[in-house]
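Q: Need the 3D shape of this:
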Amino acid sequence: MTRRTKILATLGPATDDPAVLKRLLMAGVDVVRLNYSHGKAADHARRAAAVRAVAHELGYDIGILADLQGPKIRIESFADGPVELIEGAAFALDTAHPSDAGTVDIVGCAYPELPSDTAAGDILLLNDGAITLRVTAVTGTRIDTVVVLGGTLSNRKGINKQGGGLSAAALTDKDREDLVHAISIGADFIAVSFPRSAADMDEARALMIAAGGSAALVSKIERAEALPNLDEIIAASDVVMVARGDLGVEIGDAELPGWQKKIIAASREANRMVITATQMMESMIVNPIPTRAEVLDVANAVMDGTDAVMLSAETATGRWPVKTIEAMARVCVGAERSMPQKERARRTLGRHFERVDEAVAMATTWTAQHMHAKAIVALTESGSTALMVSRTDTTIPVYALTRHERTRRKMALCRGVYPVAFDPSVSDAMLAEREAIESLKYRKVINPGDRVLLTRGDLTGALGGTNSMKIVTVV
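A: As a prediction, the model looks like this:
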């Protein structure tokens, strides 16, 4: 429990061995990701069940995140394998071209709206920006371009438009089906790819509720047009992901670091959890140690205040999934240890609080920091008080005690918060507090003589009722 930043790892063929999965969780994974861009529904169901079984064996509360694919904006396939595009050469994309008949001169496109979304002078970026095309003309279904930056182009690579502007809806028919499936296998988080506005998140929430789900919704910020709407997207989300792959391609590498910091700061300010993702330890797909640049990238995200750092192919298909988790955990701890003591609670003094539980959370953090408390204990139903306490980035551990397994799995993503199973045997508030303290003493996270701050509501077990803070000396 010395690491505050959480680790989110993608499951795949490299983690299917039950022994590897167990080692992965023991190495420090807090939440696992099921990538609905790959595999079948049965694969995701099998992996979710395996995680639940191993987590139960270990006594861990592990969250599951289902990541929806989103619109497929890709080229089609080449007839004779990859082609080499040469700088200055003409190359065309045509939505009417046969899907398996691409050549060095032309290839099909799986996104029928691309011709209407582009015009002469636009820049198209293929394969995560590795190939750059400048549009010279658009005629019917055909887009003529000239190669600005060439290279090898293979089947089904993605297409981005520099500066954004592609009109594809965030949720496809496949996403709607996958969302219902994710609810059926008990996903704790559902990530929506390429949202442009709050309306995309509202649609996903309505679909989730209709399917009987209560998962936390994650907005993946990866479109340029999402940035002007950032605040409204954050407000419509439970969690935000800085999806640096497509976002970096659309806005350019030079703009990405600043936007990463802005997105993390805005999410924290709005009391939302935030994930930093994409290529964090990419070299460890094949190498047993990270590069120094990757170490610094992870550490920088930690220092920015991210709740979680995410791994994709590194754990899903990489050669060293367990070593990658171990390396990331070490870097997170080192970065947290080197951070100067933050006094974010001081900045909250000038804020106006509409919610009682937010005011209690801020008062608790401030008091705990200045009384050098050993721990903050939140008796919680939904986890919202523990989340708000964590937004000040206190170095004091926050123990979220709740009887609800779903709440504990959601809190597994929250920075500095440690979920603990706790179901008081009494309804009396004072007796429940004593049981909570004894529970943590039994786990040896607090000891006699420690000073602890405890938050709760007048009615134990009532949702959203936190209205009091108590200072307790452990006996």
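Q: how about the strands in the stretch 301-450 of the chain?
A: Using DSSP state E, counting those that start in this stretch, the strands of the stretch 301-450 of the chain run over 308-311, 375-379, 398-402, 417-421.
Q: Next, format the ones you listed as a markdown table and append distance to Lys157.
A: (Glycine included, C-beta is placed from N, CA and C.) Output for these, formatted as a markdown table (distance: least, C-beta to C-beta, whole Å):
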| stretch | distance to Lys157 |
| --- | --- |
| strand 308-311 | 22 |
| strand 375-379 | 47 |
| strand 398-402 | 43 |
| strand 417-421 | 39 |
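Q: Just send those back as JSON lines, with mean pLDDT, mean neighbour count and distance to Ala53 too.
A: Shown next, in JSON lines, are these (pLDDT from 0 to 100; neighbours: other C-beta atoms under 10 Å; distance: least, C-beta to C-beta, whole Å):
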{"stretch": "strand 308-311", "mean pLDDT": "98", "mean neighbour count": "26", "distance to Ala53": "22"}
{"stretch": "strand 375-379", "mean pLDDT": "94", "mean neighbour count": "27", "distance to Ala53": "29"}
{"stretch": "strand 398-402", "mean pLDDT": "96", "mean neighbour count": "27", "distance to Ala53": "22"}
{"stretch": "strand 417-421", "mean pLDDT": "96", "mean neighbour count": "21", "distance to Ala53": "17"}
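Q: and of these, who's closest to Gly81?
A: strand 308-311 (30.3 Å; C-beta to C-beta).
Q: partners of the closest one in the sheet?
A: Sheet pairing of strand 308-311 (DSSP bridges) gives strand 6-10 (parallel), strand 273-277 (parallel).
Q: What are the contacting residues of it?
A: 5-10, 30-31, 33, 241, 273-278, 280-281, 298, 301-302, 324-325, 328, 332, 413, 415 (C-beta atoms under 8 Å, 6 or more residues apart in numbering).
Q: what's the domain layout of the chain?
A: 6-70+169-335, 83-161, 344-473 (automatic domain parsing).
Q: And those, which one averages the lowest pLDDT?
A: Here the domains of the chain differ in mean pLDDT, and the lowest is domain 344-473 at a mean of 85.
Q: Now do the strands in the stretch 1-150 of the chain.
A: 6-10, 31-35, 63-67, 83-85, 90-94, 106-108, 123-126, 131-139, 142-149.
Q: who does the third one touch, helix- and strand-wise?
A: Spelled out, it's strand 63-67. strand 31-35, helix 41-58, helix 173-184, strand 189-192, strand 216-221, helix 405-411 (3 or more C-beta pairs under 8 Å, 6 or more residues apart in numbering; DSSP states H and E).
Q: Reformat the strands paired with strand 308-311 as a markdown table; add mean neighbour count and distance to Pro195.
A: What follows is those, written out as a markdown table (neighbours: other C-beta atoms under 10 Å; distance: least, C-beta to C-beta, whole Å):
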| stretch | mean neighbour count | distance to Pro195 |
| --- | --- | --- |
| strand 6-10 | 26 | 19 |
| strand 273-277 | 27 | 14 |
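Q: of these, which approaches Ile285 most closely?
A: Across those, closest to Ile285 is strand 6-10 (C-beta to C-beta), at 11.6 Å.
Q: Quick one: distance of that closest one to the chain centre.
A: Per C-alpha atoms, centre = their mean, to the nearest Å, the displacement of strand 6-10 from the mean C-alpha position of its chain is 8 Å.
Q: ditto for stretch 21-35
A: 14 Å.
Q: same deal with stretch 99-117?
A: With C-alpha atoms, centre = their mean, you get 32 Å for stretch 99-117.
Q: how long is it from one end to the other?
A: Stretch 99-117 has an end-to-end distance of 20 Å (criterion: C-alpha to C-alpha, to the nearest Å).
Q: Could you list the buried residues of it?
A: Gly102, Val104, Ile106, Val107, Gly108, Cys109, Ala110, Tyr111, Leu114, Pro115, Asp117 (16 or more other C-beta atoms under 10 Å).
Q: what's the farthest-apart pair in those?
A: Within the buried residues of stretch 99-117, Val104 and Asp117 form the most distant pair, 24.5 Å apart (C-beta to C-beta).
Q: ok so, going back, compare the domains of the chain and give me the one nearest Glu76.
A: That would be domain 83-161 among these, by C-beta to C-beta, at 3.3 Å.
Q: May I have the beta-bridge partners of the most centrally placed residue in the chain?
A: By C-alpha atoms, centre = their mean, the chain has its centre lying nearest to Ile275, at 3.7 Å. Using DSSP bridges, the bridge partners assigned to Ile275 are Met241, Ala308.
Q: got the helices and strands packed on strand 63-67 as TSV, with distance to Glu438 and mean neighbour count columns?
A: What follows is these, written out as TSV (distance: least, C-beta to C-beta, whole Å; neighbours: other C-beta atoms under 10 Å):
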stretch	distance to Glu438	mean neighbour count
strand 31-35	29	25
helix 41-58	23	16
helix 173-184	37	18
strand 189-192	32	27
strand 216-221	31	26
helix 405-411	19	23
